[in-house]
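> Curious how this folds, go ahead:
(chains A and B)
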Amino acid sequence: MPLRMKINGEARELELDTRTTLLDALREHLQLTGTKKGCDHGQCGACTVIVNGERINSCLSLAVQHEGDEITTIEGLGTPGDLHPMQAAFVKHDGYQCGYCTPGQICSAVSVLKEIRNGVPSHVTDDLAGDIGLSNIELRERMSGNICRCGAYSNIAEAMTEVAEA
Amino acid sequence: MEFNAPAGQNLFDRAKIVGKSTPRIDGPLKVTGTAPYAAERHGVAANQAYGWIVGSAIAKGRIRSMDLDAARRAPGVIAIVAATEHEPVGTSDYNYAPLFGGNEVSHYHQAIAVVVAETFEQARSAAGLIGTEYDRVDGSFDLASSKDGAPLASEGGSDFAKLGKFEEAFAAAPVKVDETYTTPDESHAMMEPFATIAAWDGPDLTLWTSNQMIHWGKQAMASILGMPEENVRVDSPFIGGGFGGKLFVRADAVMAALGAKAANRPVKIAMQRPLMFNNGTHRHATIQRLRIGAERDGRITAIAHQNWSGNITQKEGENGTLQTPKLYAGANRLIENRIAQLDLPEGNAMRAPGEAAGHLALEVAMDELAEKLAMDPVELRILNDASGTVPGDPDTKISDRHLVRCLREGAERFGWSKRNAVPGQQRDGRWLTGMGVAAGYRAGPTTKSAARVRMSADGHVTVETDMTDIGTGSYTIIAQTAAETMGLPLESVTVKLGDSSFPVSSGSGGQWGAASSTAGVYAACVNLRRMIGEKLNFDADAANFADGRATLDNQSWRIADAGELTADGEMNYGDFKDGYDVGTYAGHFAEVRVDAYTGETHVTRMLAVCDAGRILNPLSARSQVIGGMVMAAGATLMEDLHVDKRFGFFVNHDLAGYEVPVHADIPHQECIFLDTLDPVISPMKAKGVGELGICGPGAAVANAIYNAIGVRVREYPVTLDKYLDRLPPAA
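Sure, this is the predicted structure:
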């Protein structure tokens, strides 16, 4: 089935099996392997990408659901020579170890700060009508769909706090 | 290079790069998604096909038949390799459960077929068309009912040891603890699944895979496939976590190699997550009985630690006793480690095998003893600290130990004096709060390790070694070591890892990697310095290397003037180390709050004070420790592979059912390194920390929960169903 998407600002055309997930379209067909497959079942968050401005688990949607969508992957945020501020903060605070969950963590982290700015409440938000503060627990609650088995959570929270306060 | 005596003063004592917090040199690749992990290396071999592994639906028995016709006719299918049509593959020194072949099934989700197809979706779909009939037989799946009569894992060494007269001393002790603790089966659950791209070129097999121990993997693959070792190449430059689960070749590599042979083209397999938990290895469940007897002043007079675990071949259990001969004094001692036969998937090393589970028992028993003595648990540990020789092995000297400092500095920093020793008394609104402490011990082993260093004409140095970086920070500490030894800035060093065509290193496991691999790189760099000295005519061993120059007696040489050079080196360790116990030590502190109404537990603070010799890169070493603390908190609070005792498998075999800590579970963590040096370990005087971080924090959390609620749970994990009905009155 033919499919057109805008990926990291670039128009891409693909011919895909209807069973192909957005994750496999990125990794196997477009060779954008920065987005990781950890579980393929929406349980780990390693496949997090930003679709039309919102983060999703790319393993949980079929590519053909994304006709015309704008997709930002980790490769679209920055490059080794030109890091996004969140990527630079992860390096500075050692917000990773093995690195496999890292692209998903970073895509989520960038989105979480935006969600808080936009007033989207979470499970731990006390006042649904007021401003949502950038508390440690507010960040952690929202990041909890991204598992890091190496256990870099404390450092990721620090990296996010630094970017949020910059 | 031979390391035959404790290190004296050397260049690392004046280090400018080693020992300084250094962001990972591979960091920019990892944060941009450009670090290549196994399954995503599209460029290494053209025309890659996709493999999908089928796992056995029974735990024990025989495959009666496999109907492969429909799958073979399915769209896109190129080849199917099925167990019923394939002799069992060979074994290696490193696997206990059979990896593939033949009709015999010895554990659930054992690989019984691989389907190779043009696309991932086609391979997965065709695999579902395979119809398998089994003759299932009963097996032994329950440790508790299999443990009676279980033999010692071995007659001596760490599996059975007596000192003095334990029974008499324990009977005579005025204060005693006699409790049994259980820890469940646990999974590594590393984020990157087992993954391999395999390609044949005539007799040569290349595996782009995810493996912690490259040389073991090369040897194992040769013996599994019955081919010469020199025809196997293994390459793992980036590894998405291992924790021991990737120490050995697994079914992904075997099935990719067999699938590639059958399909006559490269095959890529990333094992599907739901297969990982039963197909791979796991940390074995344990049952541990602790008996500790003490005088009324707290001095331990008798200590016995008995441990039971089970495994598929009745070999290599989870020896929870390992830290007990090391941590505390006491003249009368007994260690027993027994192992039952179980038909569950293979138990094998997971981060700090033995000690991680052992601390959950010993360090809670110490807390229970402190309470019976009405003594502060920090003071009880300090009173029974060991010095000079190992308490359970008085012929062995302790190399360098500062456990008391870890505990004292930790208590001070954590605000331990504010702890209420009476449990269940501290309230903060709806929360019951508590603090806990535990000591930590993990051995600091070294093993021989080699490297090659190449200097280019412009003085840039490239290090090549088959060492791996499993998130530990190997790239960076190796670059630091080479830069320091050669007197170059960090940017003038490139590090290449994980390729079996490079010199054989220690690999990554048992927290031996950092100390061993950097010592090997140091040895190679010393040889390169000598080659430079010979070329430019100066005594390299006497010269000082800095800023790209070597200086001696008011003379100076630009090292790049020596031209292109390549030096190999290997660090080997002399017998003198056999007389020493080289350990790493920690004081672990935790604070929790437990909802007085719902019993929900939150960890609010964690601190580790670590004594591990020179810390090569404090930034990444701290990450190792806090990562261990996260996994330890997981072990105490949630991690639990549930055994279906009827059918013999781990039920919760995915990342939704097997719960691990997430962001919300883990607070800000602190880690302090003491400024110690251990001259016995290596010229670097540096010990590993990757496993120290998981030895103790779990017990500190368990002790904090007890301090908060006054209910002692000895059956891990400490979930609220085990204490909710016994919480103190809420209002």
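
> List of residues touching stretch B:219-234?
B:89-95, B:99, B:203-207, B:209, B:211, B:214, B:217-218, B:248-249, B:253-254, B:257, B:499-501 (Cβ atoms under 8 Å, 6 or more residues apart in numbering or on different chains). For the C-beta atoms, the positions are set from N, CA and C on the backbone; glycine is no exception.

> Whichever of the residues you listed end up buried, select them in PyMOL.
PyMOL command restricting the contacts of stretch B:219-234 to the buried ones, with burial defined by 16 or more other Cβ atoms under 10 Å in any protein chain shown:
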select buried, chain B and resi 89+90+92+94+95+99+205+206+207+209+211+214+217+218+248+249+253+254+257+499+500
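
> Just the buried positions in stretch B:644-657, please.
Buried positions in stretch B:644-657, judged by neighbour count with 16+ other Cβ under 10 Å: B:F647, B:G648, B:F649, B:F650, B:N652, B:H653, B:D654, B:L655.

> With respect to B:N527, which of those is nearest?
Nearest to B:N527 among the buried residues of stretch B:644-657, counting by Cβ to Cβ, is B:L655 at 46.1 Å.

> State the three-state secondary structure for the residue nearest to that closest one when sequence neighbours are not counted.
Leaving aside its sequence neighbours, B:L655 sits nearest to A:Q43 (Cβ to Cβ, 6 or more residues apart in numbering or on different chains; 3.9 Å). Assigned with DSSP: H, G, I helix; E, B strand; the rest coil, A:Q43 falls in the coil class.

> Pull the contacting residues for A:Q43.
A:I147, B:R273, B:D654, B:L655, B:A656.

> quick one, domains of chain A?
A:2-77, A:85-165 (automatic domain parsing).

> my read is B:N572 is in a strand, agree?
Yes. Assessed by three-state DSSP, B:N572 belongs to a strand.

> Quick check: it vs B:V526, distance?
In this view, B:N572 and B:V526 are 13 Å apart by Cβ to Cβ, to the nearest Å.

> joint contacts of these two?
Both B:N572 and B:V526 are contacted by B:M1, under the criterion Cβ under 8 Å, 6+ apart.

> Who has more neighbours out of the two?
More neighbours surround B:V526 than the other of B:N572 and B:V526, with 21 against 16 (other Cβ atoms under 10 Å in any protein chain shown).

> about what we covered before: specify which member of the buried residues of stretch B:644-657 is nearest to chain A.
Nearest to chain A among the buried residues of stretch B:644-657: B:L655, at 3.9 Å, using Cβ to the nearest Cβ.

> any idea how far the closest residue to A:K6 other than its chain neighbours lies from A:C148?
Closest residue to A:K6 apart from its sequence neighbours, by Cβ to Cβ, 6+ apart: A:E70 at 4.6 Å. Remark: distance between A:E70 and A:C148 (Cβ to Cβ) = 27 Å.

> quick one, which of the two is more surrounded?
The residue with more neighbours, out of A:E70 and A:C148, is A:C148; 32 against 15, by other Cβ under 10 Å.

> ok, the closest residue to that one other than its chain neighbours - contacts?
Among residues not flanking A:C148 along the chain, A:C101 sits closest, at 4.8 Å (Cβ to Cβ, 6+ apart). If you count contacts by Cβ under 8 Å, 6+ apart, A:C101 has them with A:K36, A:G38, A:C44, A:G45, A:A46, A:N146, A:I147, A:C148, A:R149, A:C150, B:M191, B:G240.

> Got phi/psi on A:C101?
Backbone torsions for A:C101, taken as degrees, to the nearest 10, come to phi -80, psi -10.

> Same question for B:T91.
B:T91 adopts backbone torsions of phi -110, psi 170, taken as degrees, to the nearest 10.

> Kindly report the same for the one 3 residues further on.
Geometry field for B:Y94 lists phi and psi as phi -110, psi 0, criterion degrees, to the nearest 10.

> Verify the contact between it and B:V249 for me.
Yes. At 7.1 Å, B:Y94 counts as touching B:V249 under the criterion of Cβ atoms under 8 Å.

> anything in contact with each of the two?
Joint contacts of B:Y94 and B:V249 (Cβ under 8 Å, 6+ apart) are B:W216, B:A220.

> list the contacts for the residue of chain B found nearest chain A?
Chain A sits closest to B:G33 of chain B, with a gap of 1.9 Å, by Cβ to the nearest Cβ. Applying Cβ under 8 Å, 6+ apart to B:G33 gives the contacts A:L32, A:T33, A:G34, A:T35, A:K36, A:T73, A:I74, A:E75, A:T102, A:P103.

> Apply 6 Å and report the result again.
Listed by Cβ atoms under 6 Å, 6 or more residues apart in numbering or on different chains, the contact set of B:G33 reads A:G34, A:I74, A:E75, A:P103.

> nearest to chain B, of these?
The closest of the contacts of B:G33, once distances to chain B are taken by Cβ to the nearest Cβ, is A:G34, at 1.9 Å.

> what does chain A put close to chain B?
Contact residues (Cβ under 6 Å from any Cβ of the partner chain) of chain A with chain B: A:17, A:19, A:24, A:31, A:33-34, A:38-39, A:43-44, A:46, A:74-75, A:78-80, A:87, A:90-91, A:94, A:96-103, A:140-141, A:143-144, A:147, A:149-151, A:153-154.

> The residue nearest the centre of chain A: which element?
With distances taken as Cα atoms, centre = their mean, A:C107 lies nearest the centre of chain A, 2.4 Å away. Assigned by DSSP states H and E, A:C107 belongs to helix A:102-117.

> How far off centre is that helix?
Remark: helix A:102-117 is offset 6 Å from the chain centroid, using Cα atoms, centre = their mean, to the nearest Å.

> cool, stretch B:350-361 as well?
Relative to its parent chain, stretch B:350-361 has a centroid offset of 10 Å by Cα atoms, centre = their mean.

> What lies in contact with stretch A:133-144?
For stretch A:133-144, the external contacting residues (Cβ under 6 Å, 6+ apart) are A:S108, A:V112, A:S122, A:H123, A:V124, A:A157, A:M160, A:A164, B:V662, B:H663, B:A664.

> hmm, try it at 7 Å
When contacts are defined by Cβ atoms under 7 Å, 6 or more residues apart in numbering or on different chains, stretch A:133-144 is touched by residues A:108-109, A:112, A:115-116, A:122-125, A:132, A:156-157, A:160-161, A:164, B:662-664, B:668.

> Over to stretch A:23-40?
Residues outside stretch A:23-40 that contact it (Cβ under 7 Å, 6+ apart): A:7, A:12, A:14, A:16, A:44, A:46-47, A:49, A:58-59, A:63, A:73-75, A:100-101, A:103-104, B:32-34, B:40, B:42, B:120, B:191-192, B:270, B:272-273, B:654-655.

> What subset of those is buried?
A:7, A:12, A:14, A:16, A:44, A:46-47, A:49, A:58-59, A:63, A:73-75, A:100-101, A:103-104, B:32-34, B:40, B:120, B:191-192, B:270, B:272-273, B:654-655.

> Okay, and which of these map to strands?
In strands, judged by DSSP state E, the following of the buried ones among the contacts of stretch A:23-40 are found: A:I7, A:R12, A:L14, A:V49, B:A270.

> Go through those and name the one nearest B:G434.
Of all those, A:V49 has the smallest distance to B:G434: 41.4 Å, by Cβ to Cβ.

> was I right about the closest one contacting A:E70?
No. Using Cβ atoms under 7 Å as the test, A:V49 is too far from A:E70 to be in contact (10.7 Å).
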